[in-house]
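> please work out how this folds:
(one chain, ligands or ions: 1)
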Amino acid sequence: MPRIVTVAAAQLGPIARSDSRAMVVERLIAHLREAKRMGCDLVVFPELALTTFFPRWFMTDQAEIDSFFERRMPGPETQPLFDEARRLGLGFYLGYAELVEENGVVSHFNTAILVDRNGQIIGKYRKVHLPGHREHEPWRRFQHLEKRYFDLSDTGFPVWRAFGGILGMCICNDRRWPETYRVMGLQGAEMILLGYNTPVHNPPAPDHDALSLHHNTLVMQAGAYQNGSWVVGVAKAGSEEGVPMIAGTQIIAPSGMTVAATRGEGDELAVAACDLDACTTYKSTTFNFAAHRMPQHYGLITERKGAEPPP
Ligand code: CDT
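Sure thing, here's the model as predicted:
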């Protein structure tokens with residue numbers, strides 16, 4: 001029996017700061033319905049898919065900051081998404097800002113969940129690589145304050161048996177780090193789901209602007225090939241609150257080849273029937289880890305954080 005998972009990479013166009021959760025959930029539900037018409041099993045939404053990308057603003061009022069976070073999942077505003085997905089028999093990946101209160105301690109995470117066809121949350125991942133900065137940097141045209149608004153992950157990179165295979169999740173900046181894919185690859189990941197919000201312009205590196213789509217594809221294709229895994233990368237794209245964000249939503253095969261991609265910068269699906277058994281030829285030959293990896297030479301990867309050139 002071939003293990004085919006038909007996936008919709010459900011790109012979103014911009015979400016305005018003033019857009020309500022209900023408005024956004026309507027758009028997500030429209031994606032679910034279109035994905036169902038196209039024969040999909042699984043729909044992948046972007047990072048922080050329920051709101052505008054709020055880390056672009058410096059805020060000090062905690063109530064204002066917390067207004068971008070979900071205290072319950074599903075909560076009253078997101079329940080219709082879960083209900084419709086269950087009615088359609090679709091699973092989904094959803095990125096959102098998560099506020100947790102445990103024993104009087106409040107934490108804020110940049111989170112993604114994996115929901116099965118019955119509307120049950122079967123996996124939760126909290127973003128490991130938080131980019132940007134912690135303090136207000138007024139010289140920037142817009143901020144990237146993920147280090148300020150989110151706590152460090154307490155999940156690492158787990159994988160889950162789901163949809164007939166082994167699935168993993170990561171979020172946006174995680175995709176640029178080979179360790180992300182390899183930690184999941186070492187657990188046999190056959191499909192890695194990820195959503196992103198990537199401004200075209202990274203203020204400290206203006207000379208990268210013209211390469212932002214290239215870098216997006218480069219890192220995801222490399223992660224797929226080097227681990228013999230499908231990668232599904234999904235953008236929130238277009239000009240959001242005056243900040244242009246890349247699109248580049250795509251589904252990448254274990255060969256490293258992109259097999260489906262969006263064309264525009266608005267709400268749009270890219271769909272592919274993904275054969276999980278297509279991972280085997282890579283996982284059992286060039287990237288047969290058990291046969292070819294040399295971890296005794298990789299110690300620096302976990303021992304050292306920053307580069308230390310020789311004297
Ligand atoms: N959301 C997110 O992680 N975006 C980053 C932008 C980095 S520029 C500070 C990304 O890697 O796409």
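> where are the low-confidence patches of the stretch 151-300 of the chain?
Flagging of the stretch 151-300 of the chain using pLDDT under 70 yields an empty set of residue ranges.
> near the ligand, which residues of the chain show up?
For the chain, the residues in contact with the ligand (C-beta under 6 Å from any ligand atom) are E47, P131, G132, H144, C172, N173, R176, Y196, N197, T198, N202. Using the backbone N, CA and C atoms, a C-beta is placed for each residue, glycine as well.
> residue of the stretch 201-311 of the chain nearest the ligand, please.
Nearest to the ligand in the stretch 201-311 of the chain, going by C-beta to the nearest ligand atom, is N202, at a distance of 4.2 Å.
> now that residue. Nearest residue, chain neighbours left out?
Spatial nearest neighbour of N202, chain neighbours left out: H208 (5.9 Å); criterion: C-beta to C-beta, 6 or more residues apart in numbering.
> would you map the helices across the stretch 151-300 of the chain?
178-185, 212-227, 280-283, 289-292, 299-303 (DSSP state H, counting those that start in this stretch).
> nearest to E268 among those would be which one?
helix 212-227 (15.5 Å; C-beta to C-beta).
> for that closest one, packing partners?
helix 178-185, strand 191-196, strand 230-235, strand 250-252, helix 280-283 (3 or more C-beta pairs under 8 Å, 6 or more residues apart in numbering; DSSP states H and E).
> quick one: strands adjacent to the fourth one?
Taking DSSP bridges as the criterion, strand 250-252 forms sheet pairs with strand 230-235 (antiparallel), strand 258-261 (antiparallel).
> quick one on the thing from earlier: which of the residues of the chain next to the ligand has the most neighbours?
For the residues of the chain next to the ligand, the largest neighbour count, defined by other C-beta atoms under 10 Å, is 29 neighbours, found at N197.
> contact partners for it?
P46, E47, L48, F53, C172, A235, K236, E240, M245 (C-beta atoms under 8 Å, 6 or more residues apart in numbering).
> H201 now?
Here H201 is in contact with R141, D209, V243, P244 (C-beta under 8 Å, 6+ apart).
> select only the buried ones of these in ChimeraX?
Buried members of these, defined by 16 or more other C-beta atoms under 10 Å, are picked up in ChimeraX with:
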select :243,244
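> out of the contacts of H201, which one sits closest to K283?
D209 (36.2 Å).
> is it true that that closest one touches V200?
Yes. The pair D209 and V200 passes the contact test of C-beta atoms under 8 Å, sitting 5.7 Å apart.
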